[in-house]
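Engineer: this one's structure only:
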């Protein structure tokens, strides 16, 4: 579908999303809002037959190789309208995204049924971003493991996400101790970034596009957040920018496969 058609569908979909998901937010204790989802196998190759290389143990902050790929990665998920818009983006275009959710937000359960086919096809991938977004360098070992394990269980049970090697530390804050615990839980690859939508603060649509203009480059891992409604206003412009620079969106799982 072209961008004009996507914008029409996005506008229609967000009207319903604002009603159905407007109250979504942080819920530390609520049970999963959707039935359990059976895990599905990962897709081993990405668009155009790209073959993933083994995911490394340690920190990554850019894509491997020298092709025209770009990885758009989305953290958190506090705003249900934004999560729904990103799901619509993937469903109505060929955009590939990697999500790093906090399972404490009900927004992911609200959108789980729409995400399932995208996960099965490999168009979206997931990594662990902890259950409730603490700075893991400031908490004891047991709490680090609990935050990661609880979120891992949530992704498997609610979204059907099988084991993923990827995790992203909240605030980008990590050290050797935290990385070791993450690897023990099943996430040996610590994913940082070399590009950003700069939306860890209150931003406007103009701010988002200024950041996109700067960081939309080949091999970039760009970090954004499903938190601020301004993002929904510029998705079409961001797609146009990616296309104009002859880049191709890939998931992290397109680039790196899980170790055997």
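Structural biologist: It's in. The structure displayed is predicted, hence computed values, not measured ones.

Engineer: residue contacts, the residue nearest the centre of the chain?
Structural biologist: Centroid check for the chain by Cα atoms, centre = their mean gives residue 99 as the closest residue, at 1.2 Å. Neighbouring residues of residue 99 by Cβ atoms under 8 Å, 6 or more residues apart in numbering: 73, 74, 75, 77, 86, 124, 125, 126, 127, 226. To be clear about C-beta, it is placed using only N, CA and C from the backbone, and glycine gets the same treatment.

Engineer: tell me which of these is nearest to residue 237?
Structural biologist: Of all the contacts of residue 99, residue 237 sits closest to residue 86, with 14.7 Å by Cβ to Cβ.

Engineer: Spell out, range by range, the strands that occur in the stretch 151-260 of the chain.
Structural biologist: Here the stretch 151-260 of the chain has its strands, by DSSP state E, counting those that start in this stretch, at 166-167, 189-191, 195-196, 221-225, 248-249, 256-257.

Engineer: Next: the stretch 1-150 of the chain.
Structural biologist: With DSSP E, counting those that start in this stretch as the criterion, the stretch 1-150 of the chain has strands at 53-54, 58-60, 69-76, 97-101, 124-126.

Engineer: Look at residue 51 and report its pLDDT.
Structural biologist: Residue 51 is assigned 76 on the pLDDT scale.

Engineer: any idea how far residue 138 is from it?
Structural biologist: Plainly put, residue 51 is 39 Å away from residue 138 if you go by Cβ to Cβ, to the nearest Å.

Engineer: Same check on residue 209?
Structural biologist: To residue 138, residue 209 is 34 Å away according to Cβ to Cβ.

Engineer: who wins for proximity to residue 215 among the strands of the stretch 1-150 of the chain?
Structural biologist: With Cβ to Cβ as the criterion, residue 215 lies closest to strand 69-76 of the strands of the stretch 1-150 of the chain, at 9.1 Å.

Engineer: which residues sit against that closest one?
Structural biologist: Strand 69-76 has contacts (Cβ under 8 Å, 6+ apart) with 50, 63, 86, 95-102, 105, 127, 129, 133, 168, 191, 193, 216-227, 242, 247-252, 254-255.

Engineer: Kindly report the same for stretch 206-220.
Structural biologist: For stretch 206-220, the surrounding residues in contact (Cβ under 8 Å, 6+ apart) are 62-71, 193-199, 222, 230-231, 234, 237-238, 241-242, 245, 247.

Engineer: Quick one: distance of stretch 97-110 to the chain centre.
Structural biologist: In terms of Cα atoms, centre = their mean, to the nearest Å, the centre of stretch 97-110 is set 8 Å apart from its chain centre.

Engineer: and that stretch, what's its mean pLDDT?
Structural biologist: 98.

Engineer: how about it: buried residues?
Structural biologist: For stretch 97-110, the neighbour count (16 or more other Cβ atoms under 10 Å) marks 97-110 as buried.

Engineer: cool, stretch 149-164 as well?
Structural biologist: Buried residues in stretch 149-164, counted by 16+ other Cβ under 10 Å: 149-152, 154-161, 164.

Engineer: coming back round to it: ok, of the strands of the stretch 151-260 of the chain, where does mean pLDDT dip lowest?
Structural biologist: For the strands of the stretch 151-260 of the chain, mean pLDDT drops lowest on strand 256-257, to a mean of 94.

Engineer: what sits up against it?
Structural biologist: 42, 44, 52, 53, 54, 55, 56, 60, 64, 165, 166, 189.

Engineer: Including neighbour count, could the residues you listed go into a markdown table?
Structural biologist: Listed next are the contacts of strand 256-257 as a markdown table, based on neighbours: other Cβ atoms under 10 Å:
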| residue | neighbour count |
| --- | --- |
| 42 | 17 |
| 44 | 13 |
| 52 | 20 |
| 53 | 11 |
| 54 | 12 |
| 55 | 22 |
| 56 | 14 |
| 60 | 20 |
| 64 | 14 |
| 165 | 24 |
| 166 | 25 |
| 189 | 24 |
